[in-house]
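>>> please work out how this folds:
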Amino acid sequence: MLEVSKLSIRFTRFDRRLRQVHTEMIHNLHLSISSGEILAVVGSSGSGKSLLAHAILGILPSNAQVSGDIYFKGEALTPASQRRLRGKEIALIPQSVQYLDPLMRVGEQVRQSVRQGDPAVLQRKAFNKYDLAEYVAKWFPFQLSGGMARKILISTATVSGARLLIADEPTPGLDDLAMTETLSRFRQKAEEGCAVMLITHDVEAALTVADRIAVLYAGTVVEIALRSDFTADGEMLRHPYTKALWKALPSQQFAAIPGVQPAPAALPKGCVFAPRCSLATSECEEFAPEPRKLRHGEVRCLHAT
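Okay, the predicted model is just below:
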């Protein structure tokens, strides 16, 4: 359904001396999602998760330069095709509730997203699934709580009939019941033949529903693993960062590693994780590893076995 190949994104800005400065935020990124699959994209803040979503939809700011290829159903995405598919075949559940139109009642916003079927019926069904009272349809966004606004955004995407859903941090602000319902709804959409990209920093939530997990670190996908690889002490995982991420969960060892994720303007020359990696060698510091297949997954690490 979706294939991203060699994607790089950089931004141009002017510094205090009015000199152009180029900062690359995503580097040579590869991933794919099949029909009927949920791919979770996980990573810490600043790793490039939302930028990836915006690049697929073609909604990056004007100072962004994008290289590489993005294919949807085998068709290369261009600015023209992105405009044609956006909100129809490809739908975004955005991270910020500010994407809601502040001047339009929320029920109307959901109904406008319907492409097939009775908009009023589908809007009522969506509200019922997410425990939203019917009178909420007449409210404006400023009248909603944060959790209610997020439910409206999810409703808008799920009634659209899109074949690719990109959910950017869809669960913050939701109670446990609503979060479980939302994730199960994504599972249902996948079983209906959709492809779902679930962008989240909540690894444990992702593992309840995703088929595969793509791990981002400093703008690079360092590993793509099966959900079943996240088990025991993480011996089935391939990349040192993924193993550290797994062991840092409260349900595991709650163990931290030294150092911090590097800033985009201060990336190391070789492997982006080398400064924090106990396995790093001089070769890691000089050369950025290419992605390679390993044990039914993918990894960027010279030492992964």
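>>> going forward, measure contacts between C-alpha atoms and count neighbours the same way
OK.
>>> mind listing what's buried in the helix or strand hosting Arg185?
Here Arg185 sits within helix 176-191, counting by DSSP states H and E. Residues 178-179, 182-183, 185-187, 189-190 are the ones in helix 176-191 that count as buried (16 or more other Cα atoms under 10 Å).
>>> going by distance to Gly74, which of the residues you listed wins?
Nearest to Gly74, judged by Cα to Cα, of those is Ala190 at 18.8 Å.
>>> count the neighbours of the closest residue to that closest one other than its chain neighbours for me.
Counting by Cα to Cα, 6 or more residues apart in numbering, Ala190 lies nearest to Gly36, which is 4.3 Å off, once chain neighbours are set aside. For Gly36, the neighbour count with other Cα atoms under 10 Å is 20.
>>> same check, this time on Lys293
11.
>>> how close does it sit to Ile70?
20 Å (Cα to Cα, to the nearest Å).
>>> same deal with Phe254?
Distance, Phe254 to Ile70, using Cα to Cα: 37 Å.
>>> more crowded one of those two?
Using other Cα under 10 Å, the more surrounded residue of Phe254 and Ile70 is Ile70, with 21 against 12.
>>> in three-state terms, label the more buried one for me.
Classification of Ile70 by DSSP: H, G, I helix; E, B strand; the rest coil places it in strand.
>>> quick check: closest non-adjacent residue to it.
Val4 (4.6 Å).
>>> residues touching the one you found, list them.
Applying Cα atoms under 8 Å, 6 or more residues apart in numbering to Val4 gives the contacts 29-32, 68-71.
>>> repeat that with 6 Å
30-31, 69-70 (Cα atoms under 6 Å, 6 or more residues apart in numbering).
>>> what's the closest of these to Asp101?
Ile70 (28.7 Å).
>>> please report how far the closest one lies from Ala55.
Ile70 sits 9 Å away from Ala55, going by Cα to Cα.
>>> buried set for the strand or helix carrying the residue nearest to Ile70?
Assigned by DSSP H and E, Val4 belongs to strand 2-14. For strand 2-14, the neighbour count (16+ other Cα under 10 Å) marks 2-4, 7-11 as buried.
>>> strand partners of that strand, parallel vs antiparallel please.
strand 20-33 (antiparallel), strand 64-72 (antiparallel) (DSSP bridges).
>>> if I look at the residue most central in space within the chain, what pLDDT would I see?
Nearest to the mean C-alpha position of the chain, by Cα atoms, centre = their mean, lies Ile199 at 2.6 Å. pLDDT for Ile199: 94.
>>> strands of the stretch 201-305 of the chain, residue ranges please.
Assigned by DSSP state E, counting those that start in this stretch, the stretch 201-305 of the chain shows strands spanning 212-217, 220-226, 292-294, 297-299.
>>> between these, which gets nearest to Gln20?
Nearest of these to Gln20, taken as Cα to Cα: strand 220-226 at 24.1 Å.
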